[in-house]
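Chemist: Have a look at this prediction, sequence included:
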Amino acid sequence: MAKSLANYFFLRTFAPANERMQCSNKHFGALAQLVEHRTENPCVPGSIPGGTTFPPFIMNPCLRDFSSRGFHFFHISFGFSLTYSYLCNQNYAIMGIIIGIDVGISTTKIVGLREGRVLSPIRITAADQVTSLYGAFGKYLHDNKIELKDVEQVMLTGVGAGFVDEQLYGIPTQKVDEFVADGLGARFESGLTKAIVVSMGTGTSFVQCDGNNIKHIGGLGIGGGTLQGLSRVMLNTRDPKQIQSLAMQGDISHINLLIGDISTHPLPGLPMNATASLFSKAQYDAPKEDLALGIIVMVLQTIGSAAILSALNSGIKDFVLIGNLTLLPQCKDIYPMLEKLYGVHFHIPKYAEFCTAIGAALNYKQ
């Protein structure tokens, strides 16, 4: 009897094409064939080759789907002790590539995500957001030799996402709240579950992450836009590379008033090289090199101090810095100094400038 029932046993399941289900009972035969859900749908006649499954047995089995942390456990039990169980880890069981695109005011960033891995992030600058978006998408596919059919989903975020209401080249497209994307991306890249994400873009936003709770707690009208605007006025350039090159030769003591300038000994909690006043010593004929460094230090210090203040009464001591400004070499000097002053920790992940795009792609799995 058990043999007869086994011959009629029927189970259908979706699973990644690269997984194979092992079954010791020879009567289950080709039942273990797994089907890629994008191209073969068991609900569509003819999509599964004949002879690969047994005909369904008309009865009323007890089917329960137990879910725990991304695992699905299928258990079919008959009136006697015949039981078949299958454990399938679907944590990152994505058939195609998920594209995350952060359409900002000045730049568009794009990443691919497949099975939890970030694929070849790139950044594009264009005259307007729509041009930047489509240019980044096309370049990304070309550079990585990805075909449209390989892309499962496009996830858009950033202020420029509002200019696009259609699907990108016929691919399913969704929009993600930018602050949620900030939190998801920073959490994924840093490995921290409790922190404040400091998104340093044209302006700066602060997003608090506490486990699965992600919320925007404020912002600051100082960021990369401030740096470029002041550089246009004071240095006659907005080229980031030129600004950085000038700053590397500057002397901040010629621009900022330091504690050592106003005291013969350190003050409580303030070393001699701590800033007392930004730009307080700048002269009308100050060299461009000193001015360039002064602008960068002012922007980064102000953002860091504001981030620390945003965490008051929260118990949070970790700050994840993301965005284009994390590429400035002065970050390596300024933020360690703030860490010593305030007993906090600043983290700059590997893909810090792409965290928002990464978070957008991750949101597809939420």
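Modeler: Received, thanks. Residues are numbered from 1 along each chain as shown.

Chemist: okay, CA-based contacts and neighbour counts for the rest of this
Modeler: Noted.

Chemist: quick one, longest helix in this structure?
Modeler: helix 288-310 (DSSP state H).

Chemist: Name the residues that touch it?
Modeler: The contact list for helix 288-310 (Cα atoms under 8 Å, 6 or more residues apart in numbering) reads 196, 198, 204, 206, 217-218, 220, 222-223, 226-227, 230-231, 234-235, 243-244, 246-252, 254-256, 278-279, 282, 319, 330-331, 334-335, 338.

Chemist: Show me where the stretch 101-250 of the chain has its helices.
Modeler: Per DSSP state H, counting those that start in this stretch, the stretch 101-250 of the chain carries helices over the ranges 129-143, 178-190, 224-235, 240-247.

Chemist: hmm, back to that, quick one: average pLDDT of the longest helix of the chain?
Modeler: Helix 288-310 shows a mean pLDDT of 98.

Chemist: Mind giving me the packing neighbours of the helix or strand following it?
Modeler: Later in the chain than helix 288-310, the nearest helix or strand by DSSP states H and E is strand 318-322. Applying 3 or more Cα pairs under 8 Å, 6 or more residues apart in numbering; DSSP states H and E, we find strand 318-322 packed against helix 178-190, strand 194-200, strand 345-347.

Chemist: Relative to K365, which of these is closest?
Modeler: Minimum separation from K365 across those (Cα to Cα) falls at helix 178-190, 11.0 Å.

Chemist: Using CSV, write out the CA atom coordinates for the closest one.
Modeler: Presented in CSV, the C-alpha positions along helix 178-190 are these (Å, rounded to 0.1, in the frame of the first residue of the first chain):
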residue,chain,number,x,y,z
GLU,A,178,15.2,57.2,-0.1
PHE,A,179,15.6,57.2,3.7
VAL,A,180,14.6,53.5,3.8
ALA,A,181,17.2,52.8,1.1
ASP,A,182,19.9,54.7,3.1
GLY,A,183,19.2,52.6,6.1
LEU,A,184,19.0,49.2,4.4
GLY,A,185,22.2,49.8,2.3
ALA,A,186,24.2,51.1,5.3
ARG,A,187,23.1,48.3,7.5
PHE,A,188,24.0,45.7,4.8
GLU,A,189,27.4,47.2,4.1
SER,A,190,28.4,48.0,7.7
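
Chemist: any idea how far the residue nearest to L325 when sequence neighbours are not counted is from G225?
Modeler: Among residues not flanking L325 along the chain, M200 sits closest, at 6.0 Å (Cα to Cα, 6 or more residues apart in numbering). Going from M200 to G225 by Cα to Cα, to the nearest Å gives 10 Å.
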